[in-house]
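Participant: sequence unknown, structure follows:
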C-alpha cells in the first residue's frame, strides 16, 4: 500500500497538521477578529498556535473554535501560496494589524523568500508546505486539547501569549483511540499519583521540583537503598559530583548546544554556571583526575549526586567528554552509571 498520503509518511503528517493549525488561526480570526496571530507549527502529537488575546480562552471558546474549524474543512478552501518583496510584505501585515508577523518578517535574512498562504479570506505568513485544500482535513477528527501560556519567541522578557494545543487525524476512530490513550495515561500520571498518595507536592516557589513529603521520603529512600544494593552486587563503586558546574564544561560536553534553553544558569564572580542536566561530564572529570593504566580492568562507577530535573528536558544519549590520554580511558568512562 502506498503510504505517501498517510500518517506513516512523517512529511505528510506534519503538512496535514500544519494546515490544521492554519485552519485554527482562520477560525480564530472569524470568531475573534481582535486577536493577534503569532506562530502555529506542527509538533509531534499535533499542532499549536500562539495568540495574543485580551480575554482568556475558556473551554467554551475552544468548542466554538472546533465547530468553526469543521465548517472551514467543509468549505474546501484552496490553499494558494504567493510571495511578496520585504517592504510589501511588511506593509501587508501592518494593514492586517498583525504586529507579530511584521516582527518575524523584519527578522528574516535579507535574501529570504517571504511567502504567504491564502485560504478563502484568510492569509498567513508561512514558508509551508501545506495541503492543497482545507477539505483534505477531516473536520470531525480535530480536537483542541489545552491552553497554556507561552512567552513570545520563548523570551520571558516579552509578552505572555496564549497557546492553543490541538491534534488531528485522517480518521475519527484514530482520534478517539488517541484521546483514550491520553485519558489512560492521565490516570497513571506521577503528579496525580504523588498528590493522591501523599508522596510529594509542587509549589510555585520551585516550579518543576518536587517537595517530598514523609511518605515520599520513605519510598525514595527505599528506592535509593535498592539502587545501591544492585549496583554493589554488580561491582560498582560510588562517587558524588557537584550539582553545579561552569558553562565551559557544558560547551565541551555538547549539552549546552542541545539543552541550554532548558538548563538553569547563574553567574558567580563573572563566571557563568549551570545546574547539571546529566551526571556524565562530572563523572568524566573524576576519571580524568588521576592517571589510569591501560592494563587496569574497567571500573564501574555510580554517582550518588543526582542531576537536576527540568520539565521539558529530554537529554537522550549523553554527549561524553573525550579523554585525551587513551581510547581505553574513554571506554572505561562510558561504563559509569547514569
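Facilitator: That came in fine, so what should we check first? These numbers come from a predicted model, not from an experiment.

Participant: quick one: low-confidence ranges for the protein?
Facilitator: Residue ranges of the chain with pLDDT under 70: 1-2, 298-338.

Participant: That one - how does it break down into domains?
Facilitator: Per automatic domain parsing, the domain ranges recorded for the chain read 10-187, 234-333.

Participant: So which bits of the helix or strand where residue 16 lies are buried?
Facilitator: Assigned by DSSP states H and E, residue 16 falls within helix 10-31. The neighbour-count criterion (16 or more other C-beta atoms under 10 Å) identifies 12-30 as the buried residues of helix 10-31. Bear in mind the C-beta positions are built from the backbone N, C-alpha and C, glycine included.

Participant: Which residues belonging to whichever strand or helix holds residue 62 are considered buried?
Facilitator: In the assignment (DSSP H and E), residue 62 maps to helix 59-75. The neighbour-count check on helix 59-75 (16+ other C-beta under 10 Å) flags 61, 62, 64, 65, 66, 68, 69, 70, 72, 73 as buried.

Participant: So residue 81: helix, strand or coil?
Facilitator: Of the three states, residue 81 takes strand under DSSP: H, G, I helix; E, B strand; the rest coil.

Participant: tally of neighbours for it?
Facilitator: Using other C-beta atoms under 10 Å, residue 81 has 13 neighbouring residues.

Participant: try the one 3 residues further on
Facilitator: Applying other C-beta under 10 Å, we find 17 other residues in the vicinity of residue 84.

Participant: what sits against the residue lying closest to it once chain neighbours are set aside?
Facilitator: Nearest in space to residue 84, with sequence neighbours left out and distances taken as C-beta to C-beta, 6 or more residues apart in numbering, is residue 114 at 5.7 Å. Counting by C-beta atoms under 8 Å, 6 or more residues apart in numbering, residue 114 touches 83, 84, 85, 86, 89, 105, 108, 125.

Participant: so how far is residue 89 from the residue lying closest to the fourth one once chain neighbours are set aside?
Facilitator: If I follow you right, that is residue 86. Distances taken as C-beta to C-beta, 6+ apart place residue 114 nearest to residue 86, at 6.1 Å, with adjacent residues excluded. Computed as C-beta to C-beta, to the nearest Å, the residue 114 to residue 89 distance reads 4 Å.

Participant: Quick check: neighbours shared by the two?
Facilitator: Counting by C-beta under 8 Å, 6+ apart, the contacts common to residue 114 and residue 89 are 105, 125.

Participant: buried residues in the helix or strand hosting residue 232?
Facilitator: If you go by DSSP H and E, residue 232 is part of helix 214-233. Neighbour-count burial for helix 214-233 flags 216, 219, 231 (criterion: 16+ other C-beta under 10 Å).
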